[in-house]
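S.K.: Build me a structure from this.
(one chain, ligands or ions: 1)
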Amino acid sequence: MQIAVIGTGYVGLVTGAGLADFGNDVTCVDIDVSKIDALNQGKIPIYEPGLDKLVSKNVQEGRLSFTTDLATSIRAARAIFIAVGTPPRPDGSADLRYVEDVARAIAQHMNGPKLVITKSTVPIGTGRMIEGILKQSGNGHTASVLSNPEFLREGSAIEDFMKPDRVVIGASDKEAVELMKEIYAPLHSLEIPFVVTNVESSELIKYASNGFLATKISFINEIAVLCEKIGADVHDVAIGMGLDSRIGPKFLQAGPGFGGSCFPKDTSAVADIARQYDYNFQIIEAVLRVNHDIKERMVDKVADALGDPNGKTVSILGLAFKPETDDMRDSPTIPLIAGLQKRGATIRAYDPEAMDNARTMFENVSFCRDAYDAAKDADALVIATEWNEFRALNLGRIKSLVRQPLIVDLRNVYDPQRMKAEGFQYFSVGRKA
Ligand code: NAD
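M.R.: Numbering: from 1, shown residues only. Predicted coordinates for the structure are as follows:
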């Protein structure tokens with residue numbers, strides 16, 4: 001099928017390449033000329049493992065192309081996926097201006113029946129809003145508006161797209177659902193479940209899923225606080241809980257609070273949606289408060305370990321919100337670094353992939369070549385993102401570089417006993433030092 005994917009960011013590019021690999025003819029569209037130019041030169045503008053190979057294979061086989069020409073792409077496509085950003089507004093609600101822009105462009109250029117599919121995470125009612133815009137097009141063509149939320153995780157996006165736990169389709173028209181099944185045909189043979197429902201339920205499934213996962217993270221983070229107070233070990237508690245098949249082991253890793261482009265904005269948005277419907281979503285409101293407090297707690301943790309951060313050098317290992325991505329959006333390292341700088345610390349930092357993005361976000365941070373360069377003359381080394389290369393540090397070399405052997409491990413990467421034996425003062429999250 002001829003497909004246009006509008007918005008070529010983390011989700012749009014993976015969706016475009018994935019749908020092309022499923023055998024569709026895909027054009028990825030973006031208004032960012034530099035992004036499209038880079039892609040047309042064979043360069044991938046984001047870091048996502050395996051994406052370069054998937055893109056180049058499908059480009060070479062003639063099923064994937066990139067353009068800024070929205071009008072031509074809309075006219076050529078039978079199915080149009082909207083994958084533009086839906087960033088948070090200051091009040092927490094989702095900013096739909098990019099989705100609206102695309103809907104208006106589709107209305108303007110529609111030249112036949114179209115499927116218009118929201119891949120972006122959008123508030124309940126957005127599908128109806130897009131329908132309203134398309135009805136005003138006045139050129140006599142009809143569109144079926146569907147919701148098809150995306151559940152991929154940055155860092156394992158290709159695997160998640162190619163083998164999802166489920167495909168959710170919200171639609172009010174049966175023929176449109178059949179066309180969606182054609183687009184995703186290879187997933188049928190893998191017996192991936194398709195959840196077909198109405199548009200509103202589909203839109204809510206995405207927010208409910210992210211809200212629930214964020215709740216799990218905040219829950220274990222509060223358990224970690226309790227562990228520190230009572231002398232329990234959050235790692236053991238999480239294992240003991242996670243082996244219960246009703247709970248499951250995932251999203252029970254205590255850490256510096258959730259970040260990234262999805263959980264913070266989607267939990268804020270679901271709280272806002274509830275408020276619009278005159279309901280106070282108490283659990284989600286609490287999750288947001290806990291996450292904010294946990295981030296502040298991490299600043300205190302480093303400050304307390306140092307005694308007084310004023311005039312001290314802190315080395316931050318890892319800047320991205322999670323490993324295997326260069327995404328800095330809402331990373332917990334942003335309030336961590338700001339908090340430590342406010343208390344007078346000097347920051348040295350290193351991340352394997354996120355340095356270019358980080359450079360645009362921080363002031364007065366020395367960006368280093370690698371973990372060892374970052375460790376030079378540090379009064380404290382903070383492991384903020386659990387990249388594999390930080391799991392296997394040469395501790396002897398680190399010790400010879402730092403000013404004092406003090407590690408604050410916000411991801412519980414190391415064993416406290418081993419660190420003690422290696423001669424480090426070691427602090428982690430929810431475990432005894
Ligand atoms: P992104 O910021 O990486 O990409 C959005 C792209 O849309 C940008 O390249 C931007 O230039 C482009 N764009 C904006 N307006 C446009 C227009 N009028 N025409 C063409 N292109 C336009 O965002 P993302 O991380 O890919 O997220 C996209 C959506 O997917 C969001 O709603 C997000 O919540 C959702 N989502 C993201 C993830 C994730 O892990 N990043 C996972 C699931 C769902």
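
S.K.: Regarding the nearest residue to residue 387 once chain neighbours are set aside, what are the backbone dihedral angles?
M.R.: Distance criterion CB to CB, 6 or more residues apart in numbering; nearest residue to residue 387, sequence neighbours excluded, is residue 323 at 4.5 Å. Using the backbone N, CA and C atoms, a C-beta is placed for each residue, glycine as well. For residue 323, the backbone dihedrals (degrees, to the nearest 10) come out as phi -70, psi 160.

S.K.: Strands of the stretch 251-400 of the chain, start to end?
M.R.: Using DSSP state E, counting those that start in this stretch, the strands of the stretch 251-400 of the chain run over 313-317, 346-350, 365-367, 380-383.

S.K.: and the residue lying closest to residue 48 once chain neighbours are set aside, what does it touch?
M.R.: Excluding the flanking residues, the one nearest residue 48 by CB to CB, 6+ apart is residue 157, at 5.3 Å. Residue 157 makes contact with 10, 14, 48, 51 under the criterion CB atoms under 8 Å, 6 or more residues apart in numbering.

S.K.: Residue 271 now?
M.R.: Per CB under 8 Å, 6+ apart, neighbours of residue 271: 92, 281, 284-285, 288.

S.K.: quick check, nearest of the residues you listed to the ligand?
M.R.: Relative to the ligand, the closest of the contacts of residue 271 is residue 92; by CB to the nearest ligand atom it sits at 13.7 Å.

S.K.: got the contact list for the closest residue to that closest one other than its chain neighbours?
M.R.: Excluding the flanking residues, the one nearest residue 92 by CB to CB, 6+ apart is residue 268, at 3.4 Å. Applying CB under 8 Å, 6+ apart, we find residue 268 in contact with 88, 92-93, 288.

S.K.: Now rank the contacts of residue 157 by neighbours and give me the top one.
M.R.: Sorting the contacts of residue 157 by how many neighbours each has (other CB atoms under 10 Å) puts residue 14 first, at 28 neighbours.

S.K.: tell me the SS of it?
M.R.: Taken by DSSP: H, G, I helix; E, B strand; the rest coil, the conformation at residue 14 corresponds to helix.

S.K.: any idea how far it lies from residue 251?
M.R.: 21 Å (CB to CB, to the nearest Å).

S.K.: Up against the ligand, what does the stretch 151-300 of the chain have?
M.R.: When proximity is defined as CB under 6 Å from any ligand atom, the stretch 151-300 of the chain approaches the ligand at 152, 154, 261-262.

S.K.: redo that, cut-off 8 Å
M.R.: Within reach of the ligand by CB under 8 Å from any ligand atom, the stretch 151-300 of the chain has these residues: 151-154, 157, 206, 260-262, 265-266.

S.K.: which one of the residues you listed sits closest to residue 353?
M.R.: The shortest approach to residue 353 among those belongs to residue 154, at 10.8 Å (CB to CB).

S.K.: Looks like that closest one contacts residue 327 (just checking).
M.R.: Yes - using CB atoms under 8 Å, residue 154 is in contact with residue 327, at 5.5 Å.

S.K.: what do those two both touch?
M.R.: Residues touching both residue 154 and residue 327 (CB under 8 Å, 6+ apart): 10, 260-261.

S.K.: mind checking which helix or strand of this protein has the lowest mean pLDDT?
M.R.: helix 185-189 (a mean of 92; mean pLDDT, DSSP states H and E).

S.K.: What about the ligand: which of the contacts of residue 157 touch it?
M.R.: Okay, of these touching the ligand (CB under 8 Å from any ligand atom), that's residue 10.

S.K.: for the contacts of residue 157, which one is nearest the ligand?
M.R.: The closest of the contacts of residue 157, once distances to the ligand are taken by CB to the nearest ligand atom, is residue 10, at 3.7 Å.

S.K.: State the pLDDT value of the closest one.
M.R.: pLDDT for residue 10: 97.

S.K.: Ramachandran coordinates for it?
M.R.: Dihedral angles for residue 10 - degrees, to the nearest 10 - are phi -60, psi -40.

S.K.: Excluding covalently adjacent residues, which one is nearest to residue 209?
M.R.: Nearest to residue 209 is residue 151, by CB to CB, 6+ apart, at 6.8 Å.

S.K.: How many residues are close by that neighbour?
M.R.: Residue 151: 17 neighbours (other CB under 10 Å).

S.K.: what's near enough to touch the residue of the stretch 1-150 of the chain found nearest the ligand?
M.R.: Of all residues in the stretch 1-150 of the chain, residue 9 sits closest to the ligand, at 1.8 Å by CB to the nearest ligand atom. By CB under 8 Å, 6+ apart, residue 9 lies in contact with 30, 46, 83-85.

S.K.: Who wins on neighbours among these?
M.R.: Sorting the contacts of residue 9 by how many neighbours each has (other CB under 10 Å) puts residue 83 first, at 27 neighbours.

S.K.: any idea how far that one is from residue 5?
M.R.: Separation of residue 83 from residue 5 (CB to CB) stands at 6 Å.
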